[in-house]
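> quick check, what structure comes out for this input:
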Amino acid sequence: MKVFLGSRTRQFNMARHTSWEEARNHLRRMREDQIRDGQTVVSLWEDVLMSERNKLGEELWTVYEQVCVAALDCCRIDISETCIELLKAKFPRSVRVKRLLGMTYEAQERYNKATELYDELIKDDETNMFARKRKVAILKAQNKTVEAIEELNRYLKLFMTDFEAWMELCDLYLAVQDYTKAAFCIEELIMSNPHNHLYHQKLAEIKYTMGDPDNMAIARTYFAQAIKLNPNSVRSLYGCFLASCNLAASSNRKDKQSNIKYAAWAAQQLKEKYTTVQPEDLTNQTRVLESIERVLESLTEKTAN
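Model (predicted):
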């Protein structure tokens, strides 16, 4: 609560010292850069722009839409309803206004009403991606994960190149611990963009979680690929280190030596990252390097025995 009040105070102070032109230009930049900061938008609107909104000309309707979404983010239903009424009067048959109305129903937890509205939009236009995505969001908000998965699968049959939807479906499968299907979703993303290290890293983490030796070896491979694409990825280095250590502890002598070698390499890379980026006293406090060394020593001793 204190954090929210402090943030609100800062937004108020900013708006109070902002001219009308500066406020208008600030909202323009936020739209162009796709920045979503509801408190700032609502504050600039209420404290600066609203009293002289007619000066905006035709831009007023775009600002109304921007303010409506921002108000929903801030639970200011009164502002969003006012914006929708004004937009509806100007554009009585606008699909975009109906979208805003559906989002308002969602904010009020009137999920049945919102679903009915989105179904109407889909009936009028089966390619309406927004309405279909909002139906998935409604199911998630109601903790209906299985139903959300089914709805998102129907969506992806129509829009197979929506990469954000594939990532969302992956997260939903992870929520129900269906790791095989989650891995399939990430594999689709890797095929679409094989140079994104985050996709390789996420697939590696899924395979690591599955835990059996075959999947652990696949996890090590994808962690290594993520490191190749982004050598500064500490998370991938940790993953490679842990996967190699797990394989070394459960493999034959030949494979054990190879995996200890991989683990030692990852450990050395981690040491360099910590010694060059993080202050020495903080590194000593977290005792990260000490833990890494202890794991390596344990593996080496087992191999010697």
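
> if we ignore the residues flanking it in sequence, what's nearest P213?
S250 (6.0 Å; Cβ to Cβ, 6 or more residues apart in numbering). Where C-beta positions appear, they are placed from N, C-alpha and C, glycine not excepted.

> quick one, phi/psi of the spatially closest residue to N193 that is not a sequence neighbour?
Spatially, and ignoring its direct neighbours in sequence, N193 is nearest to Y199 (6.6 Å; Cβ to Cβ, 6+ apart). Per-residue torsions, Y199: phi -70, psi -50 (degrees, to the nearest 10).

> which pLDDT value goes with the closest residue to E205 other than its chain neighbours?
Among residues not flanking E205 along the chain, G239 sits closest, at 6.5 Å (Cβ to Cβ, 6+ apart). Looking at G239, its pLDDT stands at 96.

> tell me which element G239 is part of?
helix 234-250 (DSSP states H and E).

> ok, now I260?
Applying DSSP H and E, one finds I260 within helix 253-277.

> that helix - contacts with which helices or strands?
helix 213-229, helix 234-250, helix 288-304 (3 or more Cβ pairs under 8 Å, 6 or more residues apart in numbering; DSSP states H and E).

> check which residues of it are buried.
256, 259-260, 262-267, 269-270, 274 (16 or more other Cβ atoms under 10 Å).

> now this protein, which segments are flagged as low pLDDT?
Scanning the chain for pLDDT under 70 picks out 1-16, 251-253, 282-286, 301-305.

> one more pass at 50, please.
Along the chain, the model assigns pLDDT under 50 to residues 1-6, 12.

> report the separation between L60 and V136.
For L60, the distance to V136 equals 32 Å [Cβ to Cβ, to the nearest Å].

> so these two - more neighbours on which side?
V136 (23 against 16; other Cβ atoms under 10 Å).

> list the residues that contact the more buried one.
148, 151-152, 155, 168 (Cβ atoms under 8 Å, 6 or more residues apart in numbering).

> how about those residues in TSV, adding neighbour count, distance to N246 and secondary structure?
Below are these laid out as TSV (neighbours: other Cβ atoms under 10 Å; distance: Cβ to Cβ, whole Å; DSSP: H, G, I helix; E, B strand; the rest coil):
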residue	neighbour count	distance to N246	secondary structure
A148	23	33	helix
E151	20	37	helix
L152	24	32	helix
Y155	19	37	helix
E168	21	29	helix
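
> now do R132 against R96, distance only.
When R132 is compared with R96 (using Cβ to Cβ), they lie 16 Å apart.

> neighbour-wise, which of those two wins?
A count of neighbours by other Cβ under 10 Å puts R132 above the other of R132 and R96, at 22 against 12.

> contact partners for the nearest residue to that one once chain neighbours are set aside?
Leaving out its chain neighbours, the residue that sits closest to R132 by Cβ to Cβ, 6+ apart is Y155, at 4.8 Å. Residues counted as contacts of Y155 (Cβ under 8 Å, 6+ apart) are 129, 132-133, 136, 162, 165.

> list just the nearest of these to H17.
K133 (38.4 Å; Cβ to Cβ).

> secondary structure element for that closest one?
Element membership for K133, per DSSP H and E: helix 129-141.

> can I get that helix in CSV, CA atoms only?
Extracted C-alpha coordinates of helix 129-141, given in CSV (Å, rounded to 0.1, in the frame of the first residue of the first chain):
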residue,chain,number,x,y,z
MET,A,129,-7.6,-12.5,-33.0
PHE,A,130,-8.2,-10.1,-30.2
ALA,A,131,-11.6,-11.6,-29.2
ARG,A,132,-10.3,-15.1,-29.2
LYS,A,133,-7.3,-14.2,-27.1
ARG,A,134,-9.5,-12.4,-24.6
LYS,A,135,-11.6,-15.6,-24.2
VAL,A,136,-8.4,-17.4,-23.2
ALA,A,137,-7.6,-14.5,-20.7
ILE,A,138,-11.0,-14.9,-19.2
LEU,A,139,-10.5,-18.6,-18.6
LYS,A,140,-7.1,-18.0,-17.0
ALA,A,141,-8.6,-15.3,-14.7
